[in-house]
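Chemist: How does the following fold in three dimensions:
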Amino acid sequence: MKNKWIPFILAFVCTFSNFIIVQAAVDAKPTTSKIYVNGEQKPCAAYYINGNNYFKLRDLAYALNGTTQQFSVDWDEQRHAVMLTSGQRYQPVGGELEEIQETASANIVSSNVIVDGQTIHVQGYTIKNNTYFKLRDITNIFGISVTWNDKNNTINIETGQGEYNTRNLTAKEIYNRCSDAIFYIETFDIDGDALSSGSGFFLDKEGKAVTNFHVLKNAYSAVITIPDGTNYNVKGVLGYDMKGDLAILQVDGNNFPFLSIGDSDEITSGEKIYAIGSPFGLSNTISEGIVSGINRTIENIPYIQITAAISHGSSGGALLNEKGQVVGVTSAGLAVGQNLNFAIPINAVSTLDSSSFYTFAELVEEYTLKEYHERSKPFEKVVLEEEPNDLLETSQLVESGDSVVGNLGATDLDNYYVFCGSPGVMEVYCYSEAEHFDKVALLAEDMYGNIEMLGEFAELENGETGIYLLMPVLEPGYYHFMLGLGEVVPKNTEMDYVFYYQFTPEGAIK
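Modeler: Predicted structure coming up:
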């Protein structure tokens, strides 16, 4: 029976010559096979020589941009060698992915290729001042799967498979492979002022990406910066889990490098891991550590406990295993301990519904309503006053459902601010058993200082007398309120107080 599989060996070209010719020229005919990379047809300058197919190396690198097996191609004149660096995006020089029509003369040559610092001896052909290498020589290094479809006369190249993924990678290899898919993110508030910053990483080449929900909290726009310094706007959010602290972004762009997804259920304590993020804005910082523990639950969120260093700004970054697969989203650390850092398992991302699309304004309005229904009751969530907060510029942020415990002096002013994500009503209940509490004034204003309201002494729900303030919120934004003594009292006067803040969005009560 005739074997239906046609043997083939593919080879790729770099635009470098000066190799030693070792045998006589042969005919190179344009290949008739169609080439597919991850299911997408690609035009390639391909030749058929002595029963095998040969392709340009730069074509392969260009076609693999944005995949887990992308690599850069350079020429080292001093070493007289082709330099391939895994994980780095290929920068086109022109002439990539162009089809050929005519038979050409080919000469076999020998050369050295240096892959991530390791020298590999390979053979290829020079055709019209370009050098072509065997595909199998390259795919065995980078973990690229190649299959042949005899019926359709197609060559199918698939990433995310192959020998390269069976061995553990060095820190350098992981950084080279993964860092381009991890970005720095800055968010901006309703006034366009800088709000927060963090990290994130791409899930696909079309701009689907992950970060922590808390990085986006109260944001009305966001911009990411990829490692080469290019900025991209975030169009909106595809899905989120407020309690689970995850969000899926849609970045405005395409052809991004992205990470290979691992299985966080398979990680074990003692396993080596790497974290890449932007602590304090230091983009693409890599740290190394081990898994300290799995299934750590903090405030009902399951975490992976790690020793890899993360800091403020690392939130939303990638936790990677030794295969270079993302297994977690770096999220938090305990400042009171040593190397007590945490990441959300990547499997939690797959459970998010990403079929919707929210602008930032729509997102804020939706989760503001959710927060109202899930708000804490008085004294369920106690927050301490943070000094200094005597000035408007040093106001302390308070969230709906917070019960704040503070201390007020004779010449003291305590300033607080809140963010209301939709029209509605803000309420503050303030109480103290101290002498002279009846001299305390509670003043609130909107973000423009146009609406001012004073709290009034009234009987509270618990039967005690306190200050009650109800203020209409006409539009989303920041609102402020201040506690102070409205009348002269003894200089040594100090009083402890507690207040409960609640925001009720428009339409929350029907």
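Chemist: Could you point out which residue ranges in the stretch 401-510 of the chain have low pLDDT?
Modeler: Counting by pLDDT under 70, the stretch 401-510 of the chain contains low-confidence residues at 510.
Chemist: How about the chain?
Modeler: 1-23, 68, 117, 136-137, 140, 143, 160-166, 335-337, 510.
Chemist: just checking, what's the longest strand in it?
Modeler: Longest strand in the chain by number of residues (criterion: DSSP state E): strand 285-298.
Chemist: Identify the residues contacting the spatially most central residue of the chain.
Modeler: By CA atoms, centre = their mean, the chain has its centre lying nearest to Gly200, at 1.2 Å. Contact analysis of Gly200 by CB atoms under 8 Å, 6 or more residues apart in numbering lists Ile182, Phe183, Ile185, Ala209, Val210, Thr211, Val215, Ile224, Leu249, Gly316, Gly317. The C-beta positions use only the backbone N, C-alpha and C, and glycine is treated the same way.
Chemist: In contact with the nearest residue to it once chain neighbours are set aside, which residues?
Modeler: Sequence neighbours aside, Thr211 is the residue nearest to Gly200 in space, at 3.7 Å (criterion: CB to CB, 6 or more residues apart in numbering). Thr211 makes contact with Ile185, Gly198, Ser199, Gly200, Ala247, Leu249, Ser315, Gly316, Val329, according to CB under 8 Å, 6+ apart.
Chemist: out of those residues, which are buried?
Modeler: Buried by 16 or more other CB atoms under 10 Å: Ile185, Gly198, Ser199, Gly200, Ala247, Leu249, Ser315, Gly316, Val329, out of the contacts of Thr211.
Chemist: Helices along the stretch 51-200 of the chain, start to end?
Modeler: In the stretch 51-200 of the chain, helices defined by DSSP state H, counting those that start in this stretch lie at 57-63, 135-142, 171-178, listed in chain order.
Chemist: Pull the residues that contact the last one.
Modeler: Applying CB under 8 Å, 6+ apart, the external contacts of helix 171-178 come out as 68, 85-88, 116-117, 169, 259, 274, 276, 284, 286, 288, 318, 320, 322, 324, 326.
Chemist: So for stretch 88-103, what gets flagged as buried?
Modeler: Gln88, Arg89, Tyr90, Glu96, Leu97, Ile100.
Chemist: For the last one, give its distance to Asn153.
Modeler: It refers to Ile100. Distance, Ile100 to Asn153, by CB to CB, to the nearest Å: 17 Å.
Chemist: just to revisit the earlier point, out of the contacts of Gly200, which are inside helices?
Modeler: Cross-referencing the contacts of Gly200 against helices under DSSP state H gives Val215.
Chemist: dump the residue contacts of Gly317.
Modeler: Contacts of Gly317 (CB under 8 Å, 6+ apart): Ile182, Gly198, Ser199, Gly200, Phe201, Ala275, Ile276, Gly277, Ser278, Ile310, Val329, Thr330.
Chemist: let's go with 6 Å and repeat that
Modeler: By CB atoms under 6 Å, 6 or more residues apart in numbering, the residues touching Gly317 are Ser199, Ile276, Gly277, Thr330.
Chemist: now the second one, what's its secondary structure?
Modeler: Just to be clear, that refers to Ile276. Of the three states, Ile276 takes strand according to DSSP: H, G, I helix; E, B strand; the rest coil.
Chemist: Is it bridged to anything, and to what?
Modeler: Beta bridges link Ile276 to Ile286, Ala318, judged by DSSP bridges.
Chemist: tally of neighbours for it?
Modeler: 27 (other CB atoms under 10 Å).
Chemist: for the last one, same thing?
Modeler: The burial metric for Thr330, expressed as a neighbour count using other CB under 10 Å, is 31.
Chemist: Can I have the buried ones of the contacts of helix 171-178 as a ChimeraX selection?
Modeler: This is how ChimeraX selects the buried members of the contacts of helix 171-178, with burial counted by 16+ other CB under 10 Å:
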select :68,85,86,87,88,116,169,259,274,276,284,286,318,320,322,324,326
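Chemist: rewinding a little: CSV please, covering the contacts of Gly200 and showing distance to Asp414.
Modeler: Formatted as CSV, the contacts of Gly200 follow (distance: CB to CB, whole Å):
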residue, distance to Asp414
Ile182, 41
Phe183, 39
Ile185, 33
Ala209, 40
Val210, 38
Thr211, 34
Val215, 29
Ile224, 37
Leu249, 37
Gly316, 33
Gly317, 36
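Chemist: Okay, and which of the contacts of Gly200 map to strands?
Modeler: Filtering the contacts of Gly200 for strands - DSSP E - leaves Ile182, Phe183, Ile185, Ala209, Val210, Thr211, Ile224, Leu249, Gly317.
Chemist: The second one touches Ile226, doesn't it?
Modeler: Yes: using CB atoms under 6 Å as the test, Phe183 is close enough to Ile226 to be in contact (5.1 Å).
Chemist: buried residues in the top helix by length along the chain?
Modeler: The longest helix of the chain (DSSP H) is helix 360-373. For helix 360-373, the neighbour count (16+ other CB under 10 Å) marks Phe360, Ala361, Leu363, Val364, Glu365, Glu366, Tyr367, Thr368, Leu369, Glu371, Tyr372 as buried.
Chemist: and stretch 448-455, which residues are buried?
Modeler: Met453, Gly455.
Chemist: now swap in stretch 431-450 and tell me
Modeler: Quick answer for stretch 431-450 (16+ other CB under 10 Å): Tyr431, Ser432, His436, Phe437, Val440, Leu442, Leu443, Ala444, Glu445, Asp446, Met447.
Chemist: Got phi/psi on the fourth one?
Modeler: Going back to what we said before, that points to Phe437. phi -60, psi -30 (degrees, to the nearest 10).
Chemist: separation between it and Met482?
Modeler: In terms of CB to CB, Phe437 sits 16 Å off from Met482.
Chemist: what does the third one give?
Modeler: For His436, the distance to Met482 (CB to CB) stands at 17 Å.
Chemist: Just list whatever residues bridge to Leu84.
Modeler: Under the criterion used (DSSP bridges), Leu84 bridges to Val73, Val115.
Chemist: right, and it touches Phe71 too?
Modeler: Yes: using CB under 6 Å, Leu84 is in contact with Phe71, at 5.2 Å.
Chemist: Partner strands of the one helix or strand Tyr479 maps to, with direction?
Modeler: Assigned by DSSP states H and E, Tyr479 belongs to strand 477-485. Paired with strand 477-485 in the same sheet, following DSSP bridges, are strand 413-420 (antiparallel), strand 440-446 (antiparallel).
Chemist: Adding distance to Leu384, write those out as TSV.
Modeler: Converted to TSV, the strands paired with strand 477-485 look like this (distance: least, CB to CB, whole Å):
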stretch	distance to Leu384
strand 413-420	12
strand 440-446	19
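Chemist: Compare these and give me the one nearest Gly51.
Modeler: strand 413-420 (68.9 Å; CB to CB).
Chemist: got the buried residues for the closest one?
Modeler: Buried, per 16+ other CB under 10 Å, within strand 413-420: Asp414, Asn415, Tyr416, Tyr417, Val418, Phe419, Cys420.
Chemist: Assess the claim that the third one and Glu399 are in contact.
Modeler: No: at 10.7 Å, Tyr416 and Glu399 do not qualify as touching, with contact defined as CB under 6 Å.
Chemist: how about the buried ones among the contacts of Thr211, which pair is most distant?
Modeler: Using CB to CB, the buried ones among the contacts of Thr211 span at most 13.5 Å, a distance reached by Leu249 and Ser315.
Chemist: Pull the distance from stretch 254-274 to the chain's centre.
Modeler: Put simply, stretch 254-274 sits 13 Å off its chain's centre (CA atoms, centre = their mean, to the nearest Å).
Chemist: Dump it to CSV, restricted to CA.
Modeler: Written as CSV, here are the backbone C-alpha positions of stretch 254-274 (Å, rounded to 0.1, in the frame of the first residue of the first chain):
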residue,chain,number,x,y,z
ASN,A,254,-3.7,43.8,18.2
ASN,A,255,-0.9,41.4,17.5
PHE,A,256,0.2,41.5,21.1
PRO,A,257,2.5,38.8,22.6
PHE,A,258,0.6,36.7,25.1
LEU,A,259,1.3,34.1,27.8
SER,A,260,0.7,30.4,27.8
ILE,A,261,-1.9,29.4,30.4
GLY,A,262,-0.9,26.7,32.9
ASP,A,263,-3.0,24.8,35.4
SER,A,264,-2.9,26.3,38.9
ASP,A,265,-4.5,23.1,40.3
GLU,A,266,-1.3,21.2,39.6
ILE,A,267,1.1,23.5,41.5
THR,A,268,2.6,22.1,44.7
SER,A,269,4.3,23.6,47.8
GLY,A,270,8.1,23.9,47.3
GLU,A,271,7.7,24.4,43.5
LYS,A,272,9.9,27.1,42.0
ILE,A,273,8.0,30.1,40.6
TYR,A,274,8.7,33.5,39.1
